[in-house]
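# missing the sequence, but the structure's below:
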């Protein structure tokens, strides 16, 4: 088994599904305006390496193509705020993705959870974010969103744990760190702990949404 990466190209040599089959996977993705970046592509490859190719290549391509269509419909419905329809299409995508497509299945779970949260189905949202994390243990966005949902249902310690994982895996690279810091600070205060350091750091990073909480509890 040999995997070589050069620039933006990912190549496979002597792999069980063959070099041409991998090129087909990429072509299918681009055709539907749904692009695998290098990390996504490698996630599929490593999943196959670890677990073996359980799906025949033609079946894989057919299922992948079908799932991408459902996913894109779900995204369109979500953008239109048609929450129930979005959930329905994301569910179809989850069911259609072949087991080698862990990365995209986790995205579908994440987006379905987001739409459930907008419908105040917090229990369902938490369950979907949990499934997304099972498929991608470093999925910091899912940790953040699950933490926020847990904050809303007063599961403060579990929320703190999720926000901590968000910060760990995002590592101050995106706005999710500042959101997680702010919400972790609020969760700590709700438990009678000191959350002022988190609130202060969140504000320093640009999260003005927690300024009122900082002024109320930390002045």
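Yep, it's here. Since we're looking at a predicted model, the values are computed, not measured. Numbering: from 1, shown residues only.
# so where is the chain shaky, pLDDT-wise?
When residues are selected by pLDDT under 70, those of the chain lie in 1-56.
# next secondary structure after the longest helix belonging to it?
Ranked by residue count under DSSP state H, the longest helix found in the chain is helix 57-79. Once the chain leaves helix 57-79, the next helix or strand it forms, by DSSP states H and E, is helix 83-96.
# my guess is residue 130 is in a helix, correct?
Yes: following the definition DSSP: H, G, I helix; E, B strand; the rest coil, residue 130 is counted among the residues of a helix.
# wait, it touches residue 146, no?
Yes: applying C-beta atoms under 8 Å, one finds residue 130 in contact with residue 146, separated by 6.6 Å. To be clear about C-beta, it is placed using only N, CA and C from the backbone, and glycine gets the same treatment.
# these two: who's more crowded?
Comparing residue 130 with residue 146 by neighbour count (other C-beta atoms under 10 Å), the higher total belongs to residue 146, at 30 against 13.
# could you find the closest non-adjacent residue to that one?
Closest residue in space to residue 146, ignoring its immediate chain neighbours: residue 129 at 3.7 Å, by C-beta to C-beta, 6 or more residues apart in numbering.
# what sits against that neighbour?
Residue 129 makes contact with 109-110, 113, 142-143, 145-146, 149, according to C-beta atoms under 8 Å, 6 or more residues apart in numbering.
# save those as JSON lines, and put in secondary structure and distance to residue 69 too.
Compiled in JSON lines, the contacts of residue 129 are given as follows (DSSP: H, G, I helix; E, B strand; the rest coil; distance: C-beta to C-beta, whole Å):
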{"residue": "109", "secondary structure": "helix", "distance to residue 69": "17"}
{"residue": "110", "secondary structure": "helix", "distance to residue 69": "18"}
{"residue": "113", "secondary structure": "helix", "distance to residue 69": "21"}
{"residue": "142", "secondary structure": "helix", "distance to residue 69": "23"}
{"residue": "143", "secondary structure": "helix", "distance to residue 69": "29"}
{"residue": "145", "secondary structure": "helix", "distance to residue 69": "25"}
{"residue": "146", "secondary structure": "helix", "distance to residue 69": "27"}
{"residue": "149", "secondary structure": "helix", "distance to residue 69": "28"}
